[in-house]
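**Q** Sequence first, predicted model second:
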Amino acid sequence: MLKTNNLGYPRIGALRELKKANEAYWAKKISQQELLEAARTIREGNWKTQQEAGIALIPSNDFSFYDQVLDLTLTVGAIPARYQGFALERASSYNLELYFAMARGFQQDGHDVTAMEMTKWFDTNYHYIVPEFVKNQQFKLTSEKVINEFNEAKQLGIDTKPVLIGPITYLLLGKEKEAGFDRLDLIDGLLPVYEAILGKLAEAGAEWVQFDEPFLALDIDDKTRTLYQTVYTRLAAAAKGTNIVVATYFESLRENAQIALSLPIQALHIDLVRGENQLDELLGSIPAGLTLSLGVVDGRNIWKNDYEASLNKIKRAVDALGADRVWVAPSSSLLHVPFDLDLEDNEQSLPAEIKNWLAFAKQKLTEVTDLATLATGDADSTITARFEANQAAQQSRRTSSLIHRDDVKTRVKNITDADAKRTSQFTDRKTKQQAKFNLPAFATTTIGSFPQTRDVRKWRADLKKGAITQEEYDKLIAEETERTIRLQEELDIDVLVHGEFERNDMVEYFGEQLSGYAFTKNGWVQSYGSRCVKPPVIYGDVSRPNDMTVYWSAYAQTLTDRPVKGMLTGPVTILQWSFVRNDQPRSETTYQIALAILDEVQALEKAGIKIIQIDEPAIREGLPLRKADHKAYLDWAVRAFRVSSSNVEDDTQIHTHMCYSEFNDIIEHIAAMDADVITIETSRSQMELLDAFANFNYPNDIGPGVYDIHSPRVPSKDEMVKLLEKAKAVIPAGQLWVNPDCGLKTRAWPETKAALEAMVEAAKTLRGVTAAV
Ligand code: GLN
Ligand code: ZN
């Protein structure tokens, strides 16, 4: 059997025990001791699961109460100044108070410290806490978590491989909080801490340590490349008896291959799911003495591994390197997949045939050990039977009528350029739309959702439980919708929305009504801290058997003479926030969804809904990690949006909405989406990012968010007038709309009313000023 290696395991617990323990601790419902105990139980369970599965290199220090980058920040003592008084006063032996204050902010007992910033971990939906660096940054070994957890496992009789983010990746993940330095230059101060950790781990008896360096598989400059050599030469010297494995994932090494292969380390992990084609090149130039850890089992998706395809790769490596220099592993940490498929027992939402195509973290461990055994021909009859079952599952996926629908595939194949293009140019459409809607300058609208109060959520839960009937539920939703329409009329908003009260989530709501989708009961994946998401699963060709939103939009439109905006989620966002098929390109799946959304757009149009918003908040996060791949992605992503929105009348007004704040590098692609109106998040940056729209001469209409909906704070009319003045300075007034940053579902009613009232006043002030000129 080949050696097996795991990079990291989900730590939220099979039934989200860590989430529950953390939240109970924050609410002061359990003691610190109880929280620590809950965490210890999860770690022990994870180690034993991996041991029982037969994993040789079991990770430790992959556990985290909140985030592994924050753990490291505390470990190396990069504690931002604002926490320092707090730390001295409050820090317990475990530093938990300080740790959570850095993660979540702290407002109590006279302290008011803000949380550290959070951002996406590469192209995953996991968010890490961004290290903050200053010019004169000091580092010092401040937490021994990595050593403690190694010892904890050892006491259970399990030898583990401690996992740490490598020093270069750690610095690159951070942010310079003042001008005048390059954070990579902090390496000299940081390395002694890593050396000290290596010393302690060697003393504790660690045979291997894993340094995660995903940046080795990304676009880096020459300076960084050179630094890799210097840094790992020093770490290798400090490691004494401990061996080093450097882990890369989420991409291929490409032009960094020679650097990675020449590091003075004992093993290199590569991602052969994302970087499938890098194997042969690496095998051709790998130096003697370096072991290759093959990431063949997908750490990012939930499909059963194809044993034959993986064995093919593994055997090529064994032929080139010999069995003792090849490890079998998941492609990345299993943090990004749900815990255990065996917990799924809901035949209704996840039929047995579909379940048989899936593997979650626990199942992936068995896949790794199966492959390691099969590769050397040591398989007994049980494993041989599993191989056969695995191949049967692959075969069933290739042919199942649950997945494959000729009508859907043909429709995608027949998409023409004309299908991805509005009939007339924007200026002509604008004239016709203006004739139809006769909206004032600085037209006001909102982004779609209104407060999802506890009541609204309870009605949905009651309906699910059977505590109320569908009729009772519909009546409640209808009343809430009507109240919201009346309110918007009273506020004098120009383009109304129905409020989205019938929706749980902007992707799940559509997934539940599209065919080709399945749902899990416990398929949770950590998103940030104690937050988890349960992405729906696209398993088959997607189509739309029935209307999805027409009923509520049309109902809302019957209540008012003002236009009510239809509200849809766009194809790229639906794709991004689901587990997606790996048996066809992402673009293919996206086009299928785009056609389903188009069907809905046309049904809305027919029902008299002539302003339709197609939200694409996730279009930017779908960007590939390597710049060289951006254009290809943007081309199909934009085209898919256009397919979903083009086959409509000239006087049907298409809106889109996005909520992120870096538009500069993709502005021309956003323009190419050719939505009549785009509403975007801008208020937190004080409209700064509108510069991108101005420099580029954005052709269509724009609603820059004039207030931040992420906070309950009610902005004043004057603040919003100022922001609109700023917007007007860079974008012609005739192109501007007035709206909040994003949907209002997380807000309460009182602040929502007050803020919208001020917003409409601000718009009217602007109209007055512009009219007077
Ligand atoms: N229409 C959605 C809402 O208002 C948009 C949400 C989003 O941008 N994430 O809730
Ligand atoms: Zn938004």
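**A** Structure's in. What do you need? Numbering: from 1, shown residues only. Ligands and ions are numbered 1, 2, ... in the order given.
**Q** so what's Asp112 up against?
**A** Going by CB atoms under 8 Å, 6 or more residues apart in numbering, Asp112 touches Phe106. The C-beta positions use only the backbone N, C-alpha and C, and glycine is treated the same way.
**Q** quick one: what helix or strand has Lys161 in it?
**A** strand 160-165 (DSSP states H and E).
**Q** Return the list of helices and strands in contact with that strand.
**A** strand 58-60, helix 68-75, helix 145-155, helix 187-204, strand 208-212 (3 or more CB pairs under 8 Å, 6 or more residues apart in numbering; DSSP states H and E).
**Q** and the angle for it with helix 68-75?
**A** 90 degrees (axes from the mean of the first three to the mean of the last three CA atoms, to 10 degrees).
**Q** now strand 160-165 against helix 145-155, angle please.
**A** Using the same axes, to 10 degrees: strand 160-165 against helix 145-155 is 160 degrees.
**Q** next helix or strand past strand 160-165?
**A** Next along from strand 160-165, by DSSP H and E: helix 167-173.
**Q** Dump the C-alpha coordinates for that next one into CSV.
**A** What follows is helix 167-173, C-alpha atoms only, in CSV (Å, rounded to 0.1, in the frame of the first residue of the first chain):
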residue,chain,number,x,y,z
PRO,A,167,5.5,31.9,6.1
ILE,A,168,5.3,33.3,2.6
THR,A,169,1.7,32.5,2.1
TYR,A,170,1.0,33.9,5.5
LEU,A,171,2.6,37.3,4.7
LEU,A,172,0.9,37.4,1.3
LEU,A,173,-2.5,36.7,2.8
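**Q** wait, what's in contact with the closest residue to Arg398 other than its chain neighbours?
**A** Spatial nearest neighbour of Arg398, chain neighbours left out: Asp583 (7.5 Å); criterion: CB to CB, 6 or more residues apart in numbering. Asp583 makes contacts with 303, 397-398, 403, as judged by CB under 8 Å, 6+ apart.
**Q** Checking Asp583 next. Helix, strand or coil?
**A** For Asp583, the secondary-structure state derived from DSSP: H, G, I helix; E, B strand; the rest coil is coil.
**Q** about what we covered before: closest one to ligand 1 among the helices and strands packed on strand 160-165?
**A** Across the helices and strands packed on strand 160-165, ligand 1 has its closest neighbour in helix 68-75 (24.4 Å, CB to the nearest ligand atom).
**Q** quick one, that closest one and strand 208-212 angle?
**A** Using the same axes, to 10 degrees: helix 68-75 against strand 208-212 is 110 degrees.
**Q** Going by contacts, tell me the helices and strands next to helix 68-75.
**A** helix 96-104, strand 127-129, helix 145-155, strand 160-165, helix 167-173.
**Q** Could you tell me how far the shortest one lies from the centre of the chain?
**A** Translated: strand 127-129. 11 Å (CA atoms, centre = their mean, to the nearest Å).
**Q** The longest one now?
**A** On the basis of CA atoms, centre = their mean, helix 145-155 is displaced by 30 Å from the centre of the chain it belongs to.
**Q** Show me what that helix is in contact with.
**A** 40, 43, 47, 58, 60-61, 63, 71, 74-75, 159-160, 162, 164, 197, 200-201, 204-206.
**Q** Now a PyMOL select for only the buried ones of those.
**A** Selection of buried members from the contacts of helix 145-155 for PyMOL, criterion 16 or more other CB atoms under 10 Å:
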select buried, resi 43+47+58+60+61+63+71+74+75+159+160+162+164+197+200+201+206
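**Q** low-confidence ranges in the stretch 51-200 of the chain?
**A** By pLDDT under 70, the low-scoring segments of the stretch 51-200 of the chain are 86-94.
**Q** closest point of it to ligand 1, which residue?
**A** Closest point on the stretch 51-200 of the chain to ligand 1, by CB to the nearest ligand atom, is Asn125, at 13.1 Å.
**Q** Now do the same contact list for that residue.
**A** 336, 525, 527, 533, 535, 577.
**Q** I figured the fifth one was touching Trp524, is that so?
**A** If I follow you right, that is Pro535. No: if you go by CB atoms under 8 Å, Pro535 and Trp524 don't touch, sitting 9.4 Å apart.
**Q** quick one: the residue in the chain positioned nearest to ligand 1 from Asp71, how far?
**A** As assessed by CB to the nearest ligand atom, ligand 1 sits closest to Gly743 within the chain, at 2.0 Å. Going from Gly743 to Asp71 by CB to CB, to the nearest Å gives 33 Å.
**Q** quick one: the helices in the stretch 301-450 of the chain?
**A** 307-321, 352-355, 361-375, 381-399, 406-413, 426-437 (DSSP state H, counting those that start in this stretch).
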